[in-house]
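> build me a model from this:
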Amino acid sequence: MYILSVIAAASALLRVASATEVFAHFMVQNTYAYTVDQWKTDMTSAQQVGIDGFSLNWIPPDCDTGLSWMTDRIDDAFTAAESMGFSLIYSFDMSYSDCAVFWNTTFMAGMINNYAGSSAAYRWNSNLLVSTYGGDQVDEYGNDFFQELKDTMNYFNNPISLAPALTTYSLGAQTDPTSEAASLLSDYSSIDGYLNWQAWPLNVLSNLTVTPDQAFQSALKANAKTGPYIMAVSPWQYKDLNDGNPLDSWVAYSDTLFPDRFKELISNDAIQPDIIELLTWNDFAESHYLRDLPDETDTSATDYVTLGDMGAYVWGQNHAPWRIIAKYYIEWWKTGSAPAITMDQVVFWHRIHPKATVCTGGSETGVRNYLFPEDAVFAWALVSESSTISMSIGSNQYWTFDADGSGPSMGMVPFPSDVSGDGVTPQVSIMRNGEVLHYANSSMAVSTDCSYQNFNPVVGLVGDGTNTGT
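Predicted coordinates:
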């Protein structure tokens with residue numbers, strides 16, 4: 001036996017902040033086929049988890065030919081959100097520097113003003129909340145740019161509370177949190193709050209801590225900033241651009257990141273963020289999507305998306321059961337009490353080839369940090385009564401751990417050393433009083449016969465509910 005550990009706002013014209021809001025980062029670039037009804041479907045799925053809104057990430061619509069459709073999709077998103085009691089935040093992606101077109105404050109202010117009066121426009125202390133991804137690594141942006149945006153919005157009598165994600169400081173805070181937080185507030189006096197984007201360990205084989213979160217939140221308070229501190233929570237990170245640049249293919253140590261990050265959030269009084277932002281709802285390319293996967297081949301589907309080469313490590317690899325973990329901890333964070341456990345559910349996840357396997361496709365330069373993940377199947381159990389969870393894969397049969405019904409428990413079983421091209425399929429069961437209550441095989445086997453280097457996990461569910469995360 002190997003045991004790891006036991007581990008809303010009212011609808012109104014102006015949505016005023018409470019300290020229990022949860023948003024999910026949402027990639028507008030993946031919504032070309034969306035309709036208003038499809039937006040409603042996504043929003044309903046998010047609300048079932050306890051998510052209050054989406055933070056809409058989008059790049060300048062004229063950065064590439066034909067991207068003007070994104071403004072139409074945002075129109076649809078607000079239409080849907082208004083009918084759903086759902087909130088939306090603009091997150092302007094300022095990381096792009098591969099085109100000659102950049103965000104300008106006139107266009108940004110126009111987009112913010114378009115829906116300033118919408119019931120779906122989220123406000124913090126009566127000001128419209130605006131966020132970014134980046135803005136600190138492209139010369140066209142910076143503190144003066146942000147101040148100009150704020151001044152423009154003040155001119156229109158629609159003041160904003162600006163809480164950007166400036167990745168240079170979030171990355172630096174992994175090694176020197178106090179200095180980086182101080183530098184952030186010194187270099188960017190225009191900001192009101194902050195989104196600490198770094199939700200994963202940075203190139204280290206160790207668990208993520210909340211020390212950087214504490215440093216950023218303390219710095220905001222010390223500088224009398226009134227905007228929200230937004231803490232990022234994410235289940236995984238793996239990306240392979242396969243472009244020949246070794247910096248563009250990496251995996252972060254994420255084996256038990258999702259439950260560990262949530263557990264620290266609800267058990268550590270030293271960090272109480274104003275908002276949680278889940279990274280992400282639908283960023284498939286970085287392997288931290290919580291949304292149901294679209295149909296790969298149904299081009300008429302209203303959530304159809306093309307992923308190019310990156311689809312090789314996404315298609316068929318469901319993550320939806322991770323939403324069960326999110327739902328449990330979000331309710332705990334919002335209410336301050338552990339939720340009642342009424343069902344028997346085991347969420348389990350694993351990668352589909354051993355980390356030392358050399359696949360026939362994928363990054364030719366290798367995957368950075370590929371030795372970090374453990375070759376294992378991991379399970380998070382939430383059961384209504386004392387149970388034994390049994391896990392098997394290949395020759396490693398019937399590894400068990402106890403789940404006593406008082407809260408989540410975790411266990412694992414390692415990949416066997418003799419994994420071959422034939423593959424072995426993980427099996428997980430819930431046993432109680434000598435009987436098997438629930439049993440399931442993973443949807444994918446672990447094999448050394450792989451066509452693409454793949455450090456994206458597949459996530460499954462044993463027990464009550466469905467395998468789409470409900």
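> all helices for this protein, in order.
Applying DSSP state H to the chain gives helices spanning 36-49, 69-84, 105-114, 143-155, 167-172, 177-187, 211-222, 257-267, 322-335.
> may I have the fourth one as CSV, with CA atoms only?
This points to helix 143-155. Extracted in CSV, the C-alpha atoms of helix 143-155 (Å, rounded to 0.1, in the frame of the first residue of the first chain):
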residue,chain,number,x,y,z
ASN,A,143,3.5,51.1,-16.9
ASP,A,144,2.8,54.2,-19.0
PHE,A,145,0.6,52.2,-21.3
PHE,A,146,-1.5,50.9,-18.4
GLN,A,147,-1.8,54.4,-16.9
GLU,A,148,-3.0,55.7,-20.3
LEU,A,149,-5.6,53.0,-20.4
LYS,A,150,-6.8,53.9,-16.9
ASP,A,151,-6.8,57.6,-17.7
THR,A,152,-8.9,57.0,-20.9
MET,A,153,-11.4,55.0,-18.9
ASN,A,154,-11.6,57.7,-16.3
TYR,A,155,-12.4,60.2,-19.1
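> can you give me the buried ones in it?
By neighbour count on 16 or more other CB atoms under 10 Å, the buried set for helix 143-155 is Phe145, Phe146, Gln147, Glu148, Leu149, Lys150, Thr152, Met153. The C-beta positions use only the backbone N, C-alpha and C, and glycine is treated the same way.
> which residues sit against that helix?
For helix 143-155, the surrounding residues in contact (CB atoms under 8 Å, 6 or more residues apart in numbering) are 105-106, 108-109, 112-113, 128, 130, 135, 159-160, 162, 164, 187-191.
> could you give the angle of that helix to helix 105-114?
Using axes from the mean of the first three to the mean of the last three CA atoms, to 10 degrees, the inter-axis angle of helix 143-155 relative to helix 105-114 is 40 degrees.
> tabulate the buried residues of helix 143-155 (JSON lines), appending pLDDT.
Shown next, in JSON lines, are the buried residues of helix 143-155 (pLDDT from 0 to 100):
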{"residue": "Phe145", "pLDDT": "97"}
{"residue": "Phe146", "pLDDT": "98"}
{"residue": "Gln147", "pLDDT": "99"}
{"residue": "Glu148", "pLDDT": "98"}
{"residue": "Leu149", "pLDDT": "98"}
{"residue": "Lys150", "pLDDT": "99"}
{"residue": "Thr152", "pLDDT": "98"}
{"residue": "Met153", "pLDDT": "99"}
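> turn these into JSON lines, including distance to Gly465.
What follows is those, written out as JSON lines (distance: CB to CB, whole Å):
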{"residue": "Phe145", "distance to Gly465": "46"}
{"residue": "Phe146", "distance to Gly465": "43"}
{"residue": "Gln147", "distance to Gly465": "48"}
{"residue": "Glu148", "distance to Gly465": "49"}
{"residue": "Leu149", "distance to Gly465": "43"}
{"residue": "Lys150", "distance to Gly465": "45"}
{"residue": "Thr152", "distance to Gly465": "47"}
{"residue": "Met153", "distance to Gly465": "43"}
